[in-house]
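1. Provide a 3D model corresponding to the input given below.
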Amino acid sequence: MQPLTLDPDGDGGFLPVFSFEEEAQAFLQLLGEEGKELGWRIRETTPGELISVLLALCAQVKRIALDPLPLSCGKAVLPFISVKRNHFVQDLMEEGRRMTGKLLPA
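-> Modelled structure (predicted):
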């Protein structure tokens, strides 16, 4: 698996993460032939899988781009629609702890 990363400045770049499948599909369609040639496809992941990808395959990625657009002007807004990788991973891990640590009424 080779995740799609956006790296306009060559400094580690961004991993795009989408809230909905439709947004990811629109992103790939707007990439056009470039996305098809590289074989990009949409894959739903769990928080744990996403953490693994960020810690291994995408360890060089500096930021997570949330629902980005693949347009030329989209590169200019990447810093404004992204979060630092370590903050994103920490939030995912804390959310997982909250979900497994919930107490159910007796």
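
2. Gln2 contacts Cys58, doesn't it?
-> No. Contact criterion CB atoms under 8 Å: Gln2 and Cys58 do not qualify, at 9.8 Å. The way it works is simple: take the backbone N, C-alpha and C, and place the C-beta from them, glycine included.

3. the two: which is more packed in?
-> A count of neighbours by other CB atoms under 10 Å puts Cys58 above the other of Gln2 and Cys58, at 21 against 9.

4. before we move on, what SS does that one have?
-> Here Cys58 is recorded as coil under DSSP: H, G, I helix; E, B strand; the rest coil.

5. my guess is it meets Leu15, correct?
-> Yes. At 5.2 Å, Cys58 counts as touching Leu15 under the criterion of CB under 8 Å.

6. any residues in contact with both of these two?
-> Common neighbours of Cys58 and Leu15, counting by CB atoms under 8 Å, 6 or more residues apart in numbering, are Pro3, Thr5, Arg85.

7. could you dump those to JSON lines with distance to Pro68, pLDDT and neighbour count?
-> Below are the shared contacts of Cys58 and Leu15 laid out as JSON lines (distance: CB to CB, whole Å; pLDDT from 0 to 100; neighbours: other CB atoms under 10 Å):
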{"residue": "Pro3", "distance to Pro68": "14", "pLDDT": "81", "neighbour count": "16"}
{"residue": "Thr5", "distance to Pro68": "11", "pLDDT": "83", "neighbour count": "15"}
{"residue": "Arg85", "distance to Pro68": "15", "pLDDT": "93", "neighbour count": "20"}
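
8. give me the contact list for stretch 11-19.
-> Against stretch 11-19 from outside (CB under 8 Å, 6+ apart): 3-7, 24, 27, 50, 53-54, 58, 60-68, 78, 82, 85.

9. restricted to helices, list the residues you listed.
-> Ala24, Phe27, Leu50, Val53, Leu54, Arg85 (DSSP state H).

10. residue contacts, the first one?
-> This points to Ala24. Per CB under 8 Å, 6+ apart, neighbours of Ala24: Phe18, Ile42.

11. by mean pLDDT, point me to the weakest helix or strand of the protein.
-> helix 33-38 (a mean of 74; mean pLDDT, DSSP states H and E).
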